[in-house]
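[1] sequence first, predicted coordinates after that:
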Amino acid sequence: MPSSLPNLAKVQGAPRQRRWAAWVARWIAGLVGASLIACAASAPVPLSTPTASPSAAALPTLSARATTTRVSPTRAPITTTRALTLTVWTTEDLAASASPAGRVLSSQSDAFTAANPNLRVQVVLKKPSGKGGLLDFLLTTHAVVPALLPDLITLDLTEVPLAGDVGALQPLNGWLPAELNDDFFPFAAQAAHYQNQWLAVPFSADVQHLVYNKTALKKPPQTWDDFLKQKTPLLLPLGGDDAFLAQYVALAPLSTAAPLDWTTTTLVLNFFKRAHDLGLLNDAGLNLKNADAAWAPFAAAQVAMAQVAASRYLAERARLPNALYAPLPTRDGKTATLASGWAFAITTTDPTRQAAAARFVQWLAQGEHLAPWLRAAHRLPATRSALPLTIDPPEYAAFLRDELEHATYASGAAYSAKASDAWRAGIANVWKGQATPEDAARAIVAASK
């Protein structure tokens, strides 16, 4: 199989175009698998457009409110009594058949079919990211053979703008109720919208917070001064973006329209330097790429405090009864954290299939259906209503609600890879005495422009 596609511009003339189309179809078929081709090869079942109001069992219709905002507001109500199979691309991490989460999703899909006998759901698993991952397959298929696109896809929240830029995602206004949009936590509502269009339905979330060993520390620090005075080492994932950004957003907002702020950046670097000079921030943190990586050293009792992902705490807390949670210490004790997550997006351009896909998303987004899946996957919901159904005990759910309400969605558009490299290098250079916090901050700000 060829490793890359030939230049489409070089293919000219009708016969050669037909050969090209046939070749591309074979190439994509090898990528997406025989199961997807079987689904795509079956033409959509012809459906009638009713002249009367649809019954309660009909597929979702456009609301009067949303009609004014849709790109194509002329779609009529759609109903069908014929069988329709929805294809959903999702990640192995959320739905692998051998995993508890995968088994729950399969059960929920069966329950959806039982409630909607004319609709079936076919799940196709992909890598979460990188070459051959969900976004890679989506962009390639959309550009080359859009007929092989799934009806629905799950995307990392940071990838929604990338897919939206090329027109691979369909607007959701009118297919889904505004109440669902209103239920999102602020960061999720931000991630769901791109260029004034509702393109995604966040369903899974994660945030970062402090974990500490209650036998080594009676009271976790709330502020930088508390932390420096307690003199209990803290493990931060300084080799990636999480540690720097968590402290930055506690002081100033991230903006896609402006570079990083020099004063804020200098404050964060000065804090890191003071803590390092006191032996409270270890060089080992420079090798940790994200908050998830900080869990293992904490679990091994190498440190008494660490910045970790809530998902890891949920998955591992039963093994560490002495591990407790708290907000990350910030300069003034302000609650601040970073959020990540996954969202559903509709990719089919067929109105009938869009309506069916919207029905599935709306059904699965209901707390009683979504919560069992999230519990099995050790994830948080992106909506307020589903949180108490997903997280226990109630005290931890209340803590996470406050974190989610104040969480920042650090999209890739908010900072560049160049800026990310600059603050990683800047932290190391300040610690080594090769740069002052002020000079390192200037380099970081310049890289963010």
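    Sure thing, it's come through. Numbers count the residues shown, from 1 in each chain.
[2] output the lowest mean pLDDT helix or strand found in this protein.
    helix 64-67 (a mean of 32; mean pLDDT, DSSP states H and E).
[3] residue 300: how many residues sit nearby?
    In terms of burial, residue 300 registers 8 neighbours under the definition other Cβ atoms under 10 Å. Just so you know, the C-beta spots here come from the backbone N, C-alpha and C atoms, and that holds for glycine as well.
[4] residue 213 contacts residue 306, correct?
    No - under the criterion of Cβ atoms under 8 Å, residue 213 is not in contact with residue 306, lying 9.6 Å apart.
[5] find the residues that touch each one of the two.
    Each of residue 298 lies in contact with both residue 213 and residue 306 under the rule Cβ atoms under 8 Å, 6 or more residues apart in numbering.
[6] between those two, which one's more packed in?
    Legend: neighbour count by other Cβ under 10 Å for residue 213 and residue 306, higher for residue 306 (28 against 17).
[7] three-state assignment of that one?
    Under the three-state scheme (DSSP: H, G, I helix; E, B strand; the rest coil), residue 306 adopts strand.
[8] which ones are touching it?
    If a contact means Cβ under 8 Å, 6+ apart, then residue 306 has 210-212, 234-236, 294-295, 297-298 as its contacts.
[9] just these: which are in strands?
    Judged by DSSP state E, strands contain the following of the contacts of residue 306: 210-212, 234-235.
[10] mind listing what residue 298 touches?
    Going by Cβ under 8 Å, 6+ apart, residue 298 touches 211, 213, 235, 305-306, 308, 323.
[11] what about the strands in the chain?
    When secondary structure is read from DSSP E, the chain shows strands at 84-91, 119-126, 152-156, 193-194, 197-198, 201-213, 234-235, 305-309, 323-326, 337-346, 407-409.
[12] so which of those strands comes closest to residue 399?
    Between residue 399 and these, the shortest separation by Cβ to Cβ is 6.3 Å, and it involves strand 323-326.
[13] what does the closest one rub up against?
    Outside of strand 323-326, the residues within contact range by Cβ under 8 Å, 6+ apart are 209-214, 220, 298-299, 310, 313, 316-317, 396, 399.
[14] out of the ones in strands among the contacts of residue 306, the closest to residue 126 would be?
    Top of the list for closeness to residue 126, among the ones in strands among the contacts of residue 306 and by Cβ to Cβ, is residue 211 at 31.4 Å.
[15] coming back round to it: mind putting the contacts of residue 306 in CSV, distance to residue 343 included?
    As requested, the contacts of residue 306 are exported to CSV (distance: Cβ to Cβ, whole Å):
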residue, distance to residue 343
210, 27
211, 27
212, 32
234, 32
235, 30
236, 28
294, 26
295, 25
297, 31
298, 29
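[16] ok, these vs residue 405, which is closest?
    After measuring the contacts of residue 306 against residue 405 - Cβ to Cβ - the closest member comes out as residue 210, at 17.2 Å.
[17] now do the helices in the stretch 201-350 of the chain.
    Ranges of helices within the stretch 201-350 of the chain are 224-230, 242-249, 262-277, 295-299, 310-316, based on DSSP state H, counting those that start in this stretch.
[18] now the stretch 51-200 of the chain
    In the stretch 51-200 of the chain, helices defined by DSSP H, counting those that start in this stretch lie at 64-67, 92-95, 100-115, 134-144, 160-165, 178-183, 186-192, listed in chain order.
[19] point out the most buried one among those helices.
    Ranked by average neighbour count under the criterion mean count of other Cβ atoms under 10 Å, the helices of the stretch 51-200 of the chain are headed by helix 186-192 at a mean of 22.
[20] so which of the ones in strands among the contacts of residue 306 is the most crowded?
    In terms of neighbours by other Cβ under 10 Å, the ones in strands among the contacts of residue 306 top out with residue 211 at 27 neighbours.
[21] check contacts around residue 157.
    Shown in contact with residue 157 (Cβ under 8 Å, 6+ apart): 188, 191, 200, 202, 340-343, 409, 411.
[22] measure it to residue 163 for me?
    Residue 157 sits 11 Å away from residue 163 when distances are taken as Cβ to Cβ, to the nearest Å.
[23] so where's the stretch 1-150 of the chain uncertain?
    Using pLDDT under 70 as the threshold, the predicted model of the stretch 1-150 of the chain has low-confidence ranges 1-81, 96.
[24] let's go with 90 and repeat that
    Across the stretch 1-150 of the chain, residues meeting the criterion (pLDDT under 90) sit at 1-83, 91-102, 105-106, 129.
[25] kindly report the same for the stretch 251-400 of the chain.
    Scanning the stretch 251-400 of the chain for pLDDT under 90 picks out the ranges 254-258, 282.
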